[in-house]
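S.K.: Sequence and predicted structure, then a few things I'm wondering about:
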Amino acid sequence: MNAFVARMTQMSKPSDPLDFSLYGIWTLRTALEDPSPEKKVAPAASLKAAAVWMVYASRALRDRSVNEQAYDGKTAREGESLRGKEWRGCSKERWAIWSEQLSSAREKCEDSETVGLVGKAIQEMQTAEEK
């Protein structure tokens, strides 16, 4: 499901009916922003879902981050470990944290399938940054 809506988001423009970037933010927040600092790494299922978003929609999420796409209210708020950021959507700072957290998770993860998928996500993020 994440791969499907991420692909739709990649093909859409912000605020198109097929723009599901908010779902991407929620997925990335759960995997990369909500774990408390004392936890080693988010559960493999959460990391895989976040990685899928970056594999299939990194360019769209990067564009939305550069353009500071925001949502009304606290729908796209920051995760628990980043309280006080007052984010309302995508931002350059949030993108950098996602990148940093994915790299950190890849180093700490013990599941080889997840490590491979996260590695591919990191590559896609780097490619999106170059464009």
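M.R.: All right, it came through fine. Since this is a predicted model, take the numbers as computed values, not measurements.
S.K.: and the residue nearest in space to the middle of the chain, what element?
M.R.: When C-alpha atoms, centre = their mean is applied to the chain, the residue found nearest the centroid is Leu28 (3.7 Å). Of the helices and strands defined by DSSP states H and E, Leu28 is found in helix 21-28.
S.K.: Could you check how far Leu61 is from Arg83?
M.R.: 22 Å (C-beta to C-beta, to the nearest Å). Glycine gets a C-beta too; all of them are placed from N, C-alpha and C.
S.K.: circling back: what about the residue lying closest to the residue nearest to the centre of the chain once chain neighbours are set aside, neighbour count?
M.R.: Spatial nearest neighbour of Leu28, chain neighbours left out: Ala50 (5.0 Å); criterion: C-beta to C-beta, 6 or more residues apart in numbering. Using other C-beta atoms under 10 Å, Ala50 has 27 other residues around it.
S.K.: right, and Ala50 touches Ile25 too?
M.R.: No: assessed by C-beta atoms under 8 Å, Ala50 is found out of contact with Ile25, at 10.4 Å.
S.K.: related to what we said a few turns ago, got the angle between whatever helix or strand comes next after the helix holding Leu28 and helix 21-28?
M.R.: Scanning the chain past helix 21-28 towards its C-terminal end, the next helix or strand to appear is helix 44-66 (assignment: DSSP H and E). Orientation of helix 44-66 against helix 21-28 (axes from the mean of the first three to the mean of the last three C-alpha atoms, to 10 degrees) gives an angle of 130 degrees.
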